[in-house]
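K.L.:
below is the sequence, then the predicted model.
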Amino acid sequence: MNKNTRKEGLQNVNSTDENEPQIPRRTMLKQGAAVAAAAGFLNSQPAFAQQQAPAIATGTQAGRRFRAWVQETDRVVGRAGIEELRLTGLQPRQVLVRTEASAPCYTLVQHGIGGTPASEEWPIVPSQPEITNHTAVGIVEALGTDVRRVQLGDRVVIGVVAQCGQCYMCLRGRADHCQFSFAVGGDGFPPPIATRADGTEIRASIGVGGLSELSVAYEEYLCPVFTDLPAAELSLLGDTAASGFGATIGMMQIEPGSNVVVLGAGPVGMSAVQGARIAGAAQIIVSEPIAHRREMALQLGATTVLDTHAEGDNIVESIRELCKGPTNRLFAGGRGWGKGIGDVDNRGPDFTIEAVGLTGDRPLAEQPRDPSGIQAMQEAWEFTRRGGEICYLGWGQPGHVMYPAKEFANSGRTVHAGQQGGLNFMRDMPRLVRLAESGAFDLKTMVTSTWSLDQTPQAFQVVADRTEMAAVVVF
């Protein structure tokens, strides 16, 4: 079917009579699911989740078998692996999703390959066996009784951050800090969604658990997407790509003709590069130690790339010089090349996005200058011009960042703490999908390898090694 001529929400591929009533797509999906469910119910042969029909005919999802990548409550090598689990029943606001794809997040590499990362302060250690990963894309197969946001047959992105639309933060316009996120259980964790054969209860990582044939998430984490984009590409929009792009349209409003610096060109930073390009930035400078990432940054919109190692301690001055501007004449739009109030340099980018974060085990591709990520945060402050904006997207850094009090009080800089870059999940996801469909937001280039569920350790390994831009597990 020609996507350009398809009527949104309608599908009747066999009809040649334009007067014949068209059947809504959701109705067809429901009918198909019911037929498939009846067939699956009558078939007594065992099958894994991706081969089973939706269990609508039984009226319940409890007991349905599926496979998932489960992490134990420690970081010991070998204490994570694929297990066959059985679903518990859906709670009223929960949704069952047949997973199409899930992109392993770097913050969870210890869940995939074991071992302790570089710092004992690494923040994520499960308190109970859990299904790993916190984002996915898939098809809705069953609904809790109170679900209203999605319908059977919908394709959905499951995000890392919820958006309930009713809590204090959502009502204040800060959906990126929705209070429903990460706190859907009485102990601050989501309730179990499955059990092992021995009865051990299994949770889903922050209520999502994407590396699983079936995902169970609260509706607040779901956004329906009406697109034929490949699942591997869509999977990036639940976390990394949305976070980087979100910084350019959420936390900061990047202006046409502006100077932008992006520190770190992983999936988050690379998405920020694309967001800055789409916003019309005149100069996009990327600092990155890994050669293949610098090359991709140039391909996707960067105007200048800097080798973090080659620049060394000179990186602050290098970036200031690149952003100096053509004139020092203040009444001709010049910035001035000296220091202003508080000894803050007038040179530097208008917008800085830090996307470095904590580095775990030594990556195969290249070791960063500072595995803690603190140095990048400090340098972002130092080279951003007076009145500029900084968005910190890196995660997991131990220790502290020190700002001179005089500069902090008088430099006019704005500092954003970038939970998903300030993304408004329900508002912005359709925009990101349309940009991806048009090719303006190039997710295809960013997905550099795909893996099966059985290859989850290899997928996590290439993420840890940073030899791939984005590795995706597809089902």
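P.N.:
Happy to help now that I have it.

K.L.:
which residue packs closest to Ala365, ignoring adjacent ones?
P.N.:
Nearest residue to Ala365 in three dimensions, chain neighbours excluded: Arg466, at 4.2 Å (CB to CB, 6 or more residues apart in numbering). Every C-beta, even on glycine, is put in place using the N, C-alpha and C of the backbone.

K.L.:
what's near enough to touch the nearest residue to Leu453 once chain neighbours are set aside?
P.N.:
In this structure, Leu453 finds its nearest non-sequential neighbour in Val473, 5.9 Å apart by CB to CB, 6+ apart. Val473 makes contact with Ala101, Ser102, Ala103, Pro104, Leu211, Thr450, Trp451, Ser452, Leu453, Gln455, Thr456, Ala459, according to CB atoms under 8 Å, 6 or more residues apart in numbering.

K.L.:
which of these are buried?
P.N.:
Buried members of the contacts of Val473, scored by 16 or more other CB atoms under 10 Å, are Ala101, Ser102, Ala103, Pro104, Leu211, Thr450, Trp451, Leu453, Thr456, Ala459.

K.L.:
in strands, which of the residues you listed appear?
P.N.:
Among those, DSSP state E puts Ala101, Ser102, Thr450, Trp451 in strands.

K.L.:
so which of these is the closest to Ile82?
P.N.:
For those, the residue nearest Ile82 by CB to CB is Trp451; the value is 12.4 Å.

K.L.:
thought that closest one was touching Ala470?
P.N.:
No - with contact defined as CB atoms under 8 Å, Trp451 does not reach Ala470; the gap is 11.3 Å.

K.L.:
tally of neighbours for Met469?
P.N.:
23 (other CB atoms under 10 Å).

K.L.:
can you give me the strands for the stretch 251-400 of the chain?
P.N.:
259-263, 283-288, 304-307, 351-354, 389-392 (DSSP state E, counting those that start in this stretch).

K.L.:
what's the last one packed up against?
P.N.:
Spelled out, that is strand 389-392. Counting contacts by 3 or more CB pairs under 8 Å, 6 or more residues apart in numbering; DSSP states H and E, strand 389-392 packs against strand 351-354, helix 374-383, strand 414-417.

K.L.:
what sits against the closest residue to His400 other than its chain neighbours?
P.N.:
Spatial nearest neighbour of His400, chain neighbours left out: Ile374 (7.7 Å); criterion: CB to CB, 6+ apart. Ile374 makes contacts with Gln397, Pro398, Gly399, His400, Val401, as judged by CB under 8 Å, 6+ apart.

K.L.:
most neighbours out of the residues you listed, which is it?
P.N.:
Neighbour-wise, these (other CB under 10 Å) top out at Gln397, 24 neighbours.

K.L.:
from Phe475, how far off is that one?
P.N.:
Counting by CB to CB, to the nearest Å, the gap from Gln397 to Phe475 is 33 Å.

K.L.:
and what of Gly439?
P.N.:
25 Å.

K.L.:
the two - which one has more neighbours?
P.N.:
Set Gly439 next to Phe475 and count neighbours by other CB under 10 Å: Phe475 wins out with 20 against 10.

K.L.:
okay, that one: pLDDT?
P.N.:
pLDDT recorded at Phe475 is 96.

K.L.:
bridging residues for the residue lying closest to it once chain neighbours are set aside?
P.N.:
Distances taken as CB to CB, 6+ apart put Thr99 closest to Phe475, at 5.1 Å, once the chain neighbours are dropped. For Thr99, the beta-bridge partners are Gly138 (DSSP bridges).

K.L.:
go ahead and confirm Thr99 touches Val216.
P.N.:
No - taking CB under 8 Å as the definition, Thr99 is not a contact partner of Val216, at 10.5 Å.

K.L.:
okay, helices next: where are they in the stretch 51-200 of the chain?
P.N.:
109-113, 168-171 (DSSP state H, counting those that start in this stretch).

K.L.:
would you map out the domains in the chain?
P.N.:
Using automatic domain parsing, the domains assigned to the chain come out as 25-224+445-474, 243-420.

K.L.:
off-centre distance for the last one?
P.N.:
In this case it means domain 243-420. 20 Å (CA atoms, centre = their mean, to the nearest Å).

K.L.:
what does stretch 216-229 give?
P.N.:
With CA atoms, centre = their mean, you get 13 Å for stretch 216-229.

K.L.:
can you give me the end-to-end span of that stretch?
P.N.:
22 Å (CA to CA, to the nearest Å).

K.L.:
please identify the buried residues of that stretch?
P.N.:
For stretch 216-229, burial by neighbour count (16+ other CB under 10 Å) applies to Val216, Ala217, Tyr218, Glu219, Glu220, Tyr221, Leu222, Cys223, Pro224, Val225, Thr227, Leu229.

K.L.:
and for stretch 197-208?
P.N.:
So stretch 197-208, judged by 16+ other CB under 10 Å, has buried residues Ile202, Arg203, Ala204, Ser205, Ile206, Gly207, Val208.

K.L.:
what's the answer for stretch 356-364, then?
P.N.:
Of the residues in stretch 356-364, Val356, Gly357, Leu358, Thr359, Gly360, Asp361, Pro363 count as buried by neighbour count, 16+ other CB under 10 Å.

K.L.:
pLDDT and distance to Ala62 added to these, as TSV?
P.N.:
Output for the buried residues of stretch 356-364, formatted as TSV (pLDDT from 0 to 100; distance: CB to CB, whole Å):
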residue	pLDDT	distance to Ala62
Val356	93	44
Gly357	84	39
Leu358	81	39
Thr359	81	42
Gly360	71	37
Asp361	69	39
Pro363	76	42
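
K.L.:
what's the most distant pair in these?
P.N.:
Farthest-apart pair in those is Val356 and Asp361; separation 16.2 Å (CB to CB).

K.L.:
what separates the most centrally placed residue in the chain from Leu96, distance-wise?
P.N.:
With distances taken as CA atoms, centre = their mean, the residue of the chain nearest its centroid is Asp239 (0.9 Å). Using CB to CB, Asp239 is found at 21 Å from Leu96.

K.L.:
please apply the same query to Asp345.
P.N.:
To Leu96, Asp345 is 55 Å away according to CB to CB.

K.L.:
equivalent analysis for Pro368, please.
P.N.:
In terms of CB to CB, Pro368 sits 40 Å off from Leu96.

K.L.:
what of Gly325?
P.N.:
55 Å.

K.L.:
what about the helices in the stretch 301-450 of the chain?
P.N.:
308-311, 315-322, 374-383, 405-410, 425-438.

K.L.:
other SSEs contacting the shortest one?
P.N.:
Pointing back at helix 308-311 there. strand 283-288.

K.L.:
for the strand it packs on, which positions count as buried?
P.N.:
Result for strand 283-288 [16+ other CB under 10 Å]: buried residues Gln283, Ile284, Ile285, Val286, Ser287, Glu288.

K.L.:
stretch 433-446 too?
P.N.:
Neighbour-count burial for stretch 433-446 [16+ other CB under 10 Å]: Val433, Leu435, Ala436, Phe441, Asp442, Leu443, Met446.

K.L.:
out of those residues, who's nearest Ala247?
P.N.:
Set against Ala247, the nearest of the buried residues of stretch 433-446 by CB to CB is Phe441 (13.7 Å).
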